[in-house]
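Colleague: Have a look at this prediction, sequence included:
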Amino acid sequence: MLATLRGRVRHIAGDHCILEVNGVGYHVLLSLAALEKLSHAEEEVLLYTYLYHKEDAMTLYGFLHPEEKNLFAQVITVSGIGPKTALAIFSVLSPNHFRRAVLAEDTGALCEVPGIGLKSAQRLIIELKSRLAKEDGDQKSTTTPGLPLEDAVAALVALGYTSTVASGAVKETWRENPNLKVPDLIRRALQKLVKK
């Protein structure tokens, strides 16, 4: 599975970019906010990617931050919310704004997203609120540096683990040895998951 891509942006269109990696162009769908940032990129960029597979198509979605990819993976588990609607959410709301809207049960903010009506907004709140609240509680209960843990969790999610399972394994591993670098953190967390 493609977890990340690093390359140069060769073309940007309405909902996607072509990212050239070692001579190969990847068609990657992104949020409008991400496309806006990429339109100014002159150097190589790193995209966190999510490969969505269904019977008749494989579509690559890209994100500038692992947190956004993690949220996207959770949003598409909500009944009635597909990847295009999930991407539209991050075109209108930042990941933090989306989290706050779900936790505060702010259906008005969620309904600002094209394709999300009141029922869809209520489903997002019902199915995601407890998960996001638990994640927030876990983050507040530890003084861990966020980014290395997020990168490790994103890597495990890319391997097919749920964000809850991945997060639990990474945090348990980090508590045992907070000096681990991200690759070692991922490797040891994966060893824990394989043993379970």
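Modeller: Arrived safely.
Colleague: Can you give the domain ranges for the protein?
Modeller: Structural domains assigned to the chain are 4-63, 67-140, 146-195, following automatic domain parsing.
Colleague: Can you tell me how far Ala109 is from Val102?
Modeller: Here the distance between Ala109 and Val102 works out to 9 Å (C-beta to C-beta, to the nearest Å). C-betas here are computed from N, CA, C, even on glycine.
Colleague: can you pull the contacts of Arg6?
Modeller: Arg6 sits next to 21, 44-47 when contact means C-beta atoms under 8 Å, 6 or more residues apart in numbering.
Colleague: go with 10 Å
Modeller: Arg6 is in contact with 19, 21-22, 44-47, counting by C-beta atoms under 10 Å, 6 or more residues apart in numbering.
Colleague: Need the three-state assignment for it.
Modeller: strand (DSSP: H, G, I helix; E, B strand; the rest coil).
Colleague: same check, this time on His27
Modeller: Reduced to three states with three-state DSSP, the structure at His27 is strand.
Colleague: partner residues bridging it?
Modeller: For His27, the beta-bridge partners under DSSP bridges are Ile18.
Colleague: per-residue confidence at Ala152?
Modeller: With respect to pLDDT, Ala152 has a value of 83.
Colleague: Lys20: which element?
Modeller: Not Lys; residue 20 is Glu. Following DSSP states H and E, one finds Glu20 within strand 16-21.
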